[in-house]
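Asks: Have a look; sequence and predicted model below, questions after that.
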Amino acid sequence: MGRTGIMGGTFNPVHIAHIKMAEAAYRQAGLDRVVFMPSKNPPHKKDISIIPEEHRGAMVKLAVRGIPYFEYSDFEFKREGITYSATTLELLHMQDPEEKYFFIMGGDSFFQIESWYMPGKIMEYATVIATSRNGTGKRQMEIYAKELENKYNARILLVDMPQMDISSSCIREIILSGGDASMYLPEGVWEYIKNNRCYCP
């Protein structure tokens, strides 16, 4: 029985804050590995232009390359329709009931978790790891974590990570304007974006 972190997201594109978040979860929660699992059709991002799966998957593979405790998975890409985190975690549990799963999310997503599809199922099949950037909002997160634990019998772990004002949307804007986004991206990802003209007008 192992301790597997699930790092979901559109990764449109994957950036260094994703890596730092996964690192913080891995080290502070004592995980055996973190699996980066790009979303196929995320329900909350219907209005965002998401590049094809092949490019997002390739960039994640580059981002985790050389880090022995990080893995890439196309588990959600293989599914049809909208990919809900609750369903993904249930399917993973069915495949390996002995594994302990940890669902990693940022503070913003953590406060929105009850608006997600079947939040109780997410908290049934995984421990939620919520990251606070430099302790920002930590007290509010502690209070909300207690509420979720009482309401859903949830298991919540709060971990801290450095403050990094980076987002995929800002990176896309930089690229669209002809700027250099290399400082925000893991090694190899910027070259891939340029070579494949991802996010270019």
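Replies: All right, it came through fine. Residues are numbered from 1 along each chain as shown.
Asks: For this structure, which segments are assigned as strands?
Replies: 3-9, 33-38, 70-72, 100-106, 127-133, 156-161 (DSSP state E).
Asks: wait, which of these is closest to Ala24?
Replies: Taking C-beta to C-beta as the measure, these were each checked against Ala24, and strand 156-161 came out nearest at 3.9 Å. Every residue, glycine included, has its C-beta placed from N, CA and C.
Asks: what does that closest one rub up against?
Replies: Judged by C-beta atoms under 8 Å, 6 or more residues apart in numbering, the contacts made with strand 156-161 from elsewhere in the structure are 20-21, 23-25, 28-29, 102, 127-135, 138, 141-142, 145, 148-149.
Asks: and it, which residues are buried?
Replies: If you call a residue buried by 16 or more other C-beta atoms under 10 Å, then strand 156-161 has these buried ones: 156-159, 161.
Asks: and that strand, which strands flank it?
Replies: Under the criterion DSSP bridges, strand 156-161 sits next to strand 127-133 (parallel) in its sheet.
Asks: Go ahead and name everything in contact with the partner strand.
Replies: Contacts of strand 127-133 from elsewhere in the structure, counted by C-beta under 8 Å, 6+ apart, are 5, 21, 24-25, 29, 100-107, 109-110, 113, 122, 138, 141, 145, 148, 154-164.
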